[in-house]
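Q: Please find the sequence and the predicted model below.
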Amino acid sequence: MKNYDYAIIGNCTSSALISSDCSIDWLCLPFFDSPSVFAKILDEKIGGYFGIDAVDLIRIEQNYIKDTPILKTAFFTEHGIFEVRDYMPRFLTAYQEYYCPPEIHREIRLVAGNPKMIVRFNPKPNYAASESEFTAENNHIKVTSKKGEYASFYLYSNLDYNSILKSEPIEIPENAFFLFSYHEKLDNIENDRINIEYQKTKTYWLDWSFKTRIPSKYKEKVLRSAITLKLMTYQRSGAVVAAPTTSLPEIIGKDRNWDYRYCWIRDSSMIVDLYNRIGHTRSAKRYMNFVLNRRMLKHENISVMYGINGERLLTEKVLDHLSGYENSRPVRIGNDAYKQMQNDIYGQLIEAIYTYLLVQRKDKIATEEEIWTIVRDLANTVIKIWKEPDNGIWERRGEPKHYVHSKVMSWVAMDRAAKIARFVGKPEIASKWTKIATEIKQDIVNKGWNEQRKSFVMYYGGEELDAANLLMLHYGFLDKDDPKVISMVKQTYKELTKNDFTFRYIADDEFGVVKNSFIICTFWMINALYLIGEEEKSRKMLNTVFSCMNKFGLLSEDVEIDTKRLTGNFPQGYSHLALIQTILLLETNYNWSNAPGAGN
């Protein structure tokens, strides 16, 4: 698994990672942030897994069914061929409700001959802190935790349960199945029902993919990224997780290991802004409701991040019993970044709201007054805090500083808030907020520019360069022809880009020196080079990023610049968001600083 040779399946309730040899190595049930039941990816010895092997195997072929997150694994053996189709059910019921239960279906299809398989069913509840107890009942195997918090799961199949539990060779009938569920099923589970749910799930994803507005060039890569982002949304609340995993290391063997199964306002707002632009307004509306539900009262400030059900307290803990991915300790759950001050989040959220309002403008938005209240409160907060230091987009755990990117996003907040004020018929407030935006911009230009470095720097008075400042072009802070912008892009490319990959920054921080490239920063550099006229360099870098994607078209958070090995949590929403943004820019000259329908 040197390049995260995993596929992701999911249904907007939870998700799973499946290895190239058809083993479920990561699954949390019932939800994204629940304790794992399979966690081999975090400890090969004790983590737990659900594998399917073949007797006398010749080779395995594996791919997604086109335009869906349904994974097909074909086993070619000396005695015949069979397929495994892995998915988590998701479809609309007759009552127009989404059916997306916390369960995995593994359909087995006989293709030719008389092949045999071996099932390796090894669940380890509570992040592998507990062994499992198995109870064979009439139509299922019940799995319960032996210690720690009580957990139970149910395995249904039309195959012999004793052979499953003993990992004995099983001759495959014409059609077989496994259904692994958090809940006990109340209806009879048999092949016909499994097949119907498969067909409904496949139809749902084909329809969803057809509705996605994307350019024809690189269509498969963009659509796979869009599907992956969709899998990171949580149906019940509208939250969007940054990634479905925890503690996959940014640097192998080191301790930059974080839990990303939460909803960062920054990341999720950027993803939802994208949803609106590519035709998926329903997902955007659910997220907007998530935000509204977090800010029902005017005295409540927005948090940096939330749990998927809106939890504010996300205390970080270390699981000492797990060895970590390739012995990269510690394994963490929770994330103490929720305590930080990150002033850039306001701009990204207001930007997403602005896009949402303009996309939805054809229909009167029932929550428009609530949205205006939130925008007004967010803008007033920015007015109070934009001059204060913070921890910045990179969540540095040292002393707060006056990060330039945070100031730029404060400008975005006031600029977009002013546009929203005009949209809802508040010209006087719009004029006031525009003046504040102008004041912030002037402050950044005066204090964020370092004449010796010929670039905007990471923080006021500093000398470090920061890839986040490349977003000045994305948000229209300065024109792409501005000499300061051109100089900043060239200096950042010279200092932070190596082997066609761009670092966040290169200075020592609280955890040592950053060694791997943050993938989204490489996309930001690609975009910036393209906008200042360096298209050849831009497309060369894009091809380099494509070359490090895994065979399923998936990206993690980071990449080793020498080996092109993917590292960090996987798959990473930020990376797939940026891939789509970049393709839209390079192939359609999409203007990201304008919301759809906003004009100039």
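A: That came in fine, so what should we check first? Predicted, not measured: the structure shown is a model, and the values here were computed from it.
Q: drop to CA atoms for contacts and neighbour counts, all remaining ones
A: OK.
Q: list the contacts for residue 539?
A: Residues near residue 539 by Cα atoms under 8 Å, 6 or more residues apart in numbering: residue 526.
Q: Quick check: what element follows the particular helix or strand that has it in it along the chain?
A: If you go by DSSP states H and E, residue 539 is part of helix 535-547. Later in the chain than helix 535-547, the nearest helix or strand by DSSP H and E is strand 558-559.
Q: And that next one, what does it pack against?
A: Packed against strand 558-559 by the contact rule (3 or more Cα pairs under 8 Å, 6 or more residues apart in numbering; DSSP states H and E) you find strand 517-518, strand 566-567.
Q: what about these, which gets the closest to residue 124?
A: Among these, strand 566-567 comes nearest to residue 124, with 24.6 Å by Cα to Cα.
Q: Skip ahead from that closest one and say which helix or strand is next.
A: helix 573-588.
Q: residues of that following helix that come out buried?
A: 573-586 (16 or more other Cα atoms under 10 Å).
Q: quick one on the thing from earlier: can you give me the angle the helix holding residue 539 makes with helix 573-588?
A: 140 degrees (axes from the mean of the first three to the mean of the last three Cα atoms, to 10 degrees).
Q: What is the burial count for the nearest residue to residue 541 once chain neighbours are set aside?
A: In this structure, residue 541 finds its nearest non-sequential neighbour in residue 500, 5.1 Å apart by Cα to Cα, 6 or more residues apart in numbering. By the criterion of other Cα atoms under 10 Å, residue 500 has 20 neighbours.
Q: how much space between residue 500 and residue 494?
A: 11 Å (Cα to Cα, to the nearest Å).
Q: which residues touch the lengthiest strand in the chain?
A: Assignment by DSSP state E gives strand 103-113 as the longest strand of the chain. With contact meaning Cα under 8 Å, 6+ apart, strand 103-113 is reached by 29-30, 79-89, 172-182, 194.
Q: Any quick PyMOL command for the buried ones out of the residues you listed?
A: Buried members of the contacts of strand 103-113, defined by 16+ other Cα under 10 Å, are picked up in PyMOL with:
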select buried, resi 29+30+80+81+82+83+84+85+86+87+88+89+172+175+176+177+178+179+180+181+182+194
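Q: how close does the closest residue to residue 85 other than its chain neighbours sit to residue 353?
A: With sequence-adjacent residues excluded and distances taken as Cα to Cα, 6+ apart, residue 85 is closest to residue 72, at 4.6 Å. Distance of residue 72 to residue 353, given as Cα to Cα: 38 Å.
Q: Can you list the low-confidence ranges for the stretch 451-600 of the chain?
A: 511, 595, 597-600 (pLDDT under 70).
Q: name the element residue 479 belongs to?
A: Per DSSP H and E, there is no helix or strand for residue 479.
Q: Pretty sure residue 471 is one of the things it touches, is it not?
A: No. Look at residue 479 against residue 471 with Cα atoms under 8 Å: they stay out of range, at 11.6 Å.
Q: hmm, back to that, comparing residue 72 and residue 353, which shows the higher neighbour count?
A: Each of residue 72 and residue 353 has its neighbours counted (other Cα under 10 Å); residue 353 has more, 26 against 20.
Q: Could you check the pLDDT of the more buried one?
A: Note on residue 353: pLDDT of 91.
Q: Quick check: it is in a helix.
A: Yes. According to DSSP: H, G, I helix; E, B strand; the rest coil, the state of residue 353 is that of a helix.
Q: how much space between it and residue 378?
A: In terms of Cα to Cα, residue 353 sits 11 Å off from residue 378.
Q: Same check on residue 268?
A: Residue 268 is 17 Å from residue 378, by Cα to Cα.
Q: how near is the residue nearest to residue 323 when sequence neighbours are not counted to residue 15?
A: What sits nearest to residue 323 in space, not counting adjacent residues and going by Cα to Cα, 6+ apart, is residue 43, at 5.4 Å. Distance, residue 43 to residue 15, by Cα to Cα: 19 Å.
Q: So the two - more neighbours on which side?
A: Each of residue 43 and residue 15 has its neighbours counted (other Cα under 10 Å); residue 15 has more, 26 against 22.
Q: Quick check: phi and psi at the more buried one.
A: Dihedral pair for residue 15: phi -150, psi 170, per degrees, to the nearest 10.
Q: contacting residues around the closest residue to residue 12 other than its chain neighbours?
A: The shortest distance from residue 12 to any non-neighbouring residue, by Cα to Cα, 6+ apart, is to residue 234 (4.8 Å). Residue 234 sits next to 12-14, 240-241, 308 when contact means Cα under 8 Å, 6+ apart.
Q: My reading is that residue 96 is in a helix; is that accurate?
A: No. Applying three-state DSSP, one finds residue 96 to be coil, outside a helix.
Q: name the helices or strands packed onto the lowest-mean-pLDDT helix or strand in the chain?
A: Of all helical and strand segments in the chain, the minimum by mean pLDDT, DSSP states H and E falls on strand 512-513, at a mean of 74. Using 3+ Cα pairs under 8 Å, 6+ apart as the contact test, no helix or strand touches strand 512-513.
Q: which residues sit against it?
A: 506-507.
Q: Parallel or antiparallel, which strands does it pair with?
A: In the sheet, strand 512-513 lines up against strand 508-509 (antiparallel) (DSSP bridges).
Q: Pull out the buried positions in stretch 331-342.
A: Result for stretch 331-342 [16+ other Cα under 10 Å]: buried residues 331-338, 340-342.
Q: Rebuild those as CSV, extending it with secondary structure, distance to residue 592 and pLDDT.
A: Output for the buried residues of stretch 331-342, formatted as CSV (DSSP: H, G, I helix; E, B strand; the rest coil; distance: Cα to Cα, whole Å; pLDDT from 0 to 100):
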residue, secondary structure, distance to residue 592, pLDDT
331, coil, 37, 97
332, strand, 35, 97
333, strand, 35, 98
334, coil, 33, 97
335, coil, 31, 95
336, helix, 32, 92
337, helix, 28, 91
338, helix, 28, 91
340, coil, 28, 90
341, coil, 26, 90
342, coil, 23, 92
